[in-house]
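**Q** Here is a sequence with its predicted model. Questions after.
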Amino acid sequence: MSFPRVVPIAKRKVDYKVRNRIMGASMLYTVGFYGVGEYFGWWDKYILDRENSSPEGIVKKVQEDDEKMWTKWSMKMLNTTVEKSRRIVNDQFLENMPLGMKHHVNDPRLQMGYTPDQHPGVPPHLPAGPDQPGYVQVYEGAPGSAPTLVRREDLVTYTSSKSSQGGAGGETETASTSS
């Protein structure tokens, strides 16, 4: 005889009763968990295509979203009157207004219909000082750094979608009808 001796491999012993009970219990648990979750609505938040599924689904989703936003905004605006909200909006508008627009609005010489005779007590508007009357000081660096001088004409830019050839709507075409 030779060493090592070849031994035939024995069949593994399987307890089919225990194996079938474990597999059956796991499948029953999975199906039962799904059924209970479906009954209580646990899976509704995972439906991705609810709005496209039916018209009723679309209406329901829109109503739910509207109710959520209504409660959110009503809690935010609970004690706010119309005058207070208008004042808040105006203050935010003034805070976020560009610097050039602020200078343009505050300069009385740039107001419509302005004549120097109307405001005799107003001193000349020289934001960069008397030695540079056409410039404005813009503080855009760190505190204590020198301001940048910008021409007043460059602070506000007016743009238009009209071409220079067509004018500002002065020319209109008339269609003649023959009857």
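**A** All right, it came through fine.
**Q** contacts and neighbour counts: CA atoms only from here.
**A** OK.
**Q** what about the strands in this structure?
**A** Using DSSP state E, the strands of the chain run over 135-138, 148-151.
**Q** what pairs with the first one, and is each one parallel or antiparallel?
**A** It stands for strand 135-138. Counting by DSSP bridges, the strands paired with strand 135-138 are strand 148-151 (antiparallel).
**Q** which residues are in contact with the partner strand?
**A** 128, 134-140 (Cα atoms under 8 Å, 6 or more residues apart in numbering).
**Q** tell me the mean pLDDT over that strand?
**A** Mean per-residue pLDDT for strand 148-151: 84.
**Q** for it, the distance to its chain's centre please.
**A** 33 Å (Cα atoms, centre = their mean, to the nearest Å).
**Q** And that strand, what's buried?
**A** Under the neighbour-count criterion of 16 or more other Cα atoms under 10 Å, strand 148-151 has nothing buried.
**Q** what does stretch 75-93 give?
**A** Per 16+ other Cα under 10 Å, stretch 75-93 contains no buried residues.
**Q** And residue 91, how far from residue 84?
**A** To residue 84, residue 91 is 10 Å away according to Cα to Cα, to the nearest Å.
**Q** tell me how far the ends of stretch 37-47 are from each other?
**A** 13 Å.
**Q** To clarify, my last question referred to stretch 74-81.
**A** Stretch 74-81 stretches 12 Å from its first residue to its last (Cα to Cα).
**Q** quick revisit: name the member of the contacts of strand 148-151 that has the highest neighbour count.
**A** residue 136 (22 neighbours; other Cα atoms under 10 Å).
**Q** What residues are bridge-paired with that one?
**A** residue 150.
**Q** Quick one, grab the pLDDT at residue 118.
**A** pLDDT, residue 118: 69.
**Q** if we can go back for a sec, closest to residue 5 out of the contacts of strand 148-151?
**A** residue 140 (91.5 Å; Cα to Cα).
**Q** how much space is there between residue 59 and residue 41?
**A** 19 Å.
**Q** swap in residue 16?
**A** 37 Å.
**Q** Residue 76 too?
**A** Taking Cα to Cα, one finds residue 76 at 30 Å from residue 41.
**Q** Which helix runs longest in the chain?
**A** As assigned by DSSP state H, the longest helix anywhere in the chain is helix 16-40.
**Q** Would you check that residue 152 makes contact with residue 136?
**A** Yes: taking Cα atoms under 8 Å as the definition, residue 152 is a contact partner of residue 136 at 6.1 Å.
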